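K.L.:
pasted the sequence and its predicted model underneath.
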Amino acid sequence: MTQPASPSLPADPRPASAQATPPASGAGGPAPGEGGPVATAAGAADASAEAAHGHARTGFWTLTVGSVGVVYGDIGTSPLYAFREALAPSRVDGILLPEEVIGTTSLIIWALLLIVTIKYVAILLRMDNNGEGGILSLMAKARQALGGSKLVFVLGLLGASLFYGDSVITPAISVLSAVEGLKLVTPAFDGVVLPITVAIIVGLFAVQSHGTARVATFFGPVMVVWFLALGAAAIPYIVGNPGVLAAFNPWYALHYLLGHGTGALVALGAVFLAVTGAEALFADLGHFGRRPIQVAWLFLVAPCLVLNYLGQTALVLAKPETTDPFYQLVPEWGLIPMVLLATIATVTASQAVITGAFSLSRQAIQLGMLPRMEIRHTSEAHSGQIYLPRINMLLALGVVILAVTFRSSSALASAYGIAVTGTMLLTASMAYVVLWKVARLTPVVAGLVMAPFIVLEFLFMLSNLLKVHEGGYVPLMLAGGLMLMMWTWVRGVAILVNKTRKTDVPLVELVGMLEKSASYHRVKGTAVFLTSDPDIAPAALLHNMKHNKVIHEKNVVLTVETMDRPRAPESERVRIDPVGPGFYRVVMRFGFMETPNIPRTLSLLKREGFKFDIMSTSFFLSRRSIRPAAHSGMPLWQDRIFITLAKNANDATDFFQIPTGRVVEVGTQVTV
């Protein structure tokens, strides 16, 4: 299934016929831009079969170590605060019983096993969309299977919004929790925790432009050391009290849940902190590939995490008054080195969700959920490694504001779980559709596979909703605002498309009229007119004829389509059809993980017998200036949001990699 890629600047948004109702068909609908096309992703026109999967040029173990540094940064730093926060409900009455400690640990271990190991590592990583992961990639697959479901599209919008909320909260809580270890060295450091945290966060976002590959090269080996340190610090305590291994028995987890009433539900919200990061694991699939991510989890990350939680359990059983079991596992001489290592690890944790946010944003742009933004490719070997300056700046601002507002990791813990549980629930729901419609399991079997995860994550969601008043409102507000923005964009584009249809002129009708007319002068060269509907004459063509009274020797009406797959096969990349004397209809196809290069892709037409010389070619774009209408399909305030988004969208010339010296823009005004 393909959809016309949607230009994202105010311009001639004439849609392809398949896009009559953008939110319900295609992958998100057209966007107002220079004549139509949009596509965003990881190196499109030049994508070879090798680069298409993004991992062919890098060794397996290099990718595995890199995945430890980027993919598992978030979940790998959970021991800093997850066990401490999960014990808090049991400490309320001042008495901490051994079965409560063991029960809490059992809940954490089984959450890691069921949600991360089975759901994500074993099941979801196999639901890649041609090598790409993440909730929007899964949404595209589920939506295609259902023939363009509007409900699945809306769920994808909600899931993307929640993931952005996670991307803002994770860096703040992770870095704060690490730097707070300085207070154990000496209370004198208490006043510098927040300034150091802000400085680290600003530095982290400042280096994003250097690319995931360079970040992973540094963080990968450091995180391997981090996980080994997690396990090593815990082993002496486990050896001293092997009884903590009883936590592997699920009876202790069930006994805790059934015997503590509402308190158990509150504890579940904190236990969930141990599995945050699993969604980023899925979102970063395209960066490293399935096998490296699976091997890293099964043979390094999971064993070291479990060892550390067991070590903290043994320490608390021996010293129930322990307030920070993670750092108190470490001998006094190793405290400062551990704080430094933890700080680096939490910076890496932030990297996992930042990388995921970049991938998600690119998919959202391509699927028509967000206006076009600048996307920079930071690796020649990995098409999925990208950097979005505007998203980076907005994330950095949000993270700093959260850190300064909440000031401690404990305060932020209440805000953390809601965004992640919501995203996980939506992912599980779409995974059910994929198992049913794509994997061809019966609805009952697909339900049996996914129901345990949906029930468990629903319980986690309920437990986190209990903390809305303590900070849980933050991700809900973030998600609500982003959801409104994305829906406004999708809806505004649809309204604009419907309005412009009233003045449409069929392309075939126009060409037929020109054959009989001698009033237009033919000039040498090729003119390329971008449009989102190949059957309609582009506004730029009509304006060129009206004002200049000329027609080029060759006229190409070009449409760029977005496919419901990450990358388009080379055999389907470009198609050309003659329309009449001197007129050609060209359709380019790109996957939702690709960034189109129009001049380079046009050169592929030479094999179709179409001679193309960039130096004698002009690209005509129709730029529309949008004004709010007195009566439209949206309230005035929503019209203004849409217009603001359109004005701030990235320039189509840069986005489509068209030489600026070959572009002619025609401006018109439209109300929405």
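P.N.:
Good, I have the coordinates. Residues are numbered from 1 along each chain as shown.
K.L.:
check the secondary structure at residue 634 for me.
P.N.:
coil (DSSP: H, G, I helix; E, B strand; the rest coil).
K.L.:
residues in contact with it?
P.N.:
488, 491, 492, 495, 642, 672 (CB atoms under 8 Å, 6 or more residues apart in numbering). Using the backbone N, CA and C atoms, a C-beta is placed for each residue, glycine as well.
K.L.:
how close does it sit to residue 647?
P.N.:
16 Å (CB to CB, to the nearest Å).
K.L.:
now swap in residue 248 and tell me
P.N.:
From residue 248 to residue 647 the distance is 57 Å (CB to CB).
K.L.:
of those two, which one has the most company?
P.N.:
For residue 248 versus residue 647, the count of surrounding residues by other CB atoms under 10 Å is larger for residue 248: 15 against 12.
K.L.:
isn't the more buried one up against residue 108?
P.N.:
No. In this structure, residue 248 is not within contact of residue 108 by CB atoms under 8 Å, at 11.3 Å.
K.L.:
using TSV, please lay out the contacts of residue 634 together with distance to residue 233 and pLDDT.
P.N.:
Converted to TSV, these look like this (distance: CB to CB, whole Å; pLDDT from 0 to 100):
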residue	distance to residue 233	pLDDT
488	49	91
491	53	89
492	54	88
495	59	83
642	53	88
672	59	66
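K.L.:
surely residue 179 is in contact with residue 201?
P.N.:
No. Applying CB under 8 Å, one finds residue 179 not in contact with residue 201, separated by 10.3 Å.
K.L.:
show me what contacts the closest residue in space to residue 126 that isn't next to it in sequence?
P.N.:
In space, and not counting its chain neighbours, residue 126 is closest to residue 290: 7.2 Å by CB to CB, 6 or more residues apart in numbering. Counting by CB under 8 Å, 6+ apart, residue 290 touches 125, 126, 128.
K.L.:
how close does residue 290 sit to residue 269?
P.N.:
Relative to residue 269, and taking CB to CB, residue 290 is found at 31 Å.
K.L.:
please apply the same query to residue 599.
P.N.:
In terms of CB to CB, residue 599 sits 53 Å off from residue 269.
K.L.:
these two: which is more packed in?
P.N.:
Neighbour count, other CB under 10 Å: between residue 599 and residue 269, residue 269 has more, with 27 against 17.
K.L.:
which of the contacts of residue 634 fall in helices?
P.N.:
Using DSSP state H, the subset of the contacts of residue 634 located in helices is 488, 491, 492, 495, 642.
K.L.:
now for the residues you listed, which pair is the farthest apart?
P.N.:
Among these, the pair separated by the greatest distance (CB to CB) is 488 and 495, at 10.4 Å.
K.L.:
grab the nearest non-local neighbour of residue 553.
P.N.:
residue 524 (5.2 Å).
K.L.:
quick one: buried residues of the lengthiest helix in the chain?
P.N.:
When the chain is parsed with DSSP H, its longest helix is helix 335-366. By neighbour count with 16 or more other CB atoms under 10 Å, helix 335-366 contains the buried residues 335, 338-339, 341-366.
K.L.:
now for the spatially closest residue to residue 575 that is not a sequence neighbour: which residues touch it?
P.N.:
Take residue 575 and drop its neighbours on the chain: the residue closest to it by CB to CB, 6+ apart is residue 587, 4.9 Å away. For residue 587, the contact set (CB under 8 Å, 6+ apart) comprises 534, 558, 559, 560, 561, 574, 575.
K.L.:
relative to residue 274, which of those residues is nearest.
P.N.:
Once CB to CB is applied, the member of the contacts of residue 587 that ends up nearest residue 274 is residue 561, at 42.9 Å.
K.L.:
and the closest one, its phi and psi?
P.N.:
phi -110, psi 150 (degrees, to the nearest 10).
K.L.:
what does residue 620 give?
P.N.:
phi -100, psi 120.
K.L.:
which stretches of the stretch 151-300 of the chain have low pLDDT?
P.N.:
By pLDDT under 70, the weakly predicted segments of the stretch 151-300 of the chain are 211-216.
K.L.:
give me that answer again for 90
P.N.:
Low-confidence regions of the stretch 151-300 of the chain, defined by pLDDT under 90, span residues 151-193, 200, 203-204, 206-223, 257-270, 272-273, 276-290.
K.L.:
quick one, helices of it?
P.N.:
With helices called from DSSP state H, counting those that start in this stretch, the stretch 151-300 of the chain shows them at 182-185, 193-206, 212-240, 250-259, 261-271, 278-283, 285-288, 290-296.
K.L.:
let me know the next secondary structure element after the last one.
P.N.:
Remark: after helix 290-296, the chain's next helix or strand is helix 302-318, criterion DSSP states H and E.
K.L.:
confidence score at the closest residue to residue 77 other than its chain neighbours?
P.N.:
Counting by CB to CB, 6+ apart, residue 77 lies nearest to residue 349, which is 4.3 Å off, once chain neighbours are set aside. On pLDDT, residue 349 comes in at 70.
K.L.:
likewise for residue 393?
P.N.:
Per-residue pLDDT puts residue 393 at 93.
K.L.:
in a strand, residue 96, correct?
P.N.:
No. Assigned with three-state DSSP, residue 96 falls outside any strand and is coil.
K.L.:
find the nearest non-adjacent residue to it, please.
P.N.:
residue 320 is the one closest to residue 96 (CB to CB, 6+ apart), at 4.6 Å.
K.L.:
go on, residue 572?
P.N.:
Counting by CB to CB, 6+ apart, the residue nearest residue 572 is residue 589, at 5.3 Å.
K.L.:
element containing the one you found?
P.N.:
Using DSSP H and E, residue 589 falls in strand 583-591.
K.L.:
what's the first helix or strand after that strand?
P.N.:
Using DSSP H and E, the helix or strand that follows strand 583-591 in sequence is helix 598-602.
K.L.:
what helices or strands is that following helix leaning on?
P.N.:
strand 550-563, strand 583-591 (3 or more CB pairs under 8 Å, 6 or more residues apart in numbering; DSSP states H and E).
K.L.:
can you mark which positions in the first one are buried?
P.N.:
Taking 16+ other CB under 10 Å as the basis for neighbour counts, the residues of strand 550-563 that come out buried are 551, 552, 554, 555, 556, 557, 558, 559, 560, 561, 562, 563.
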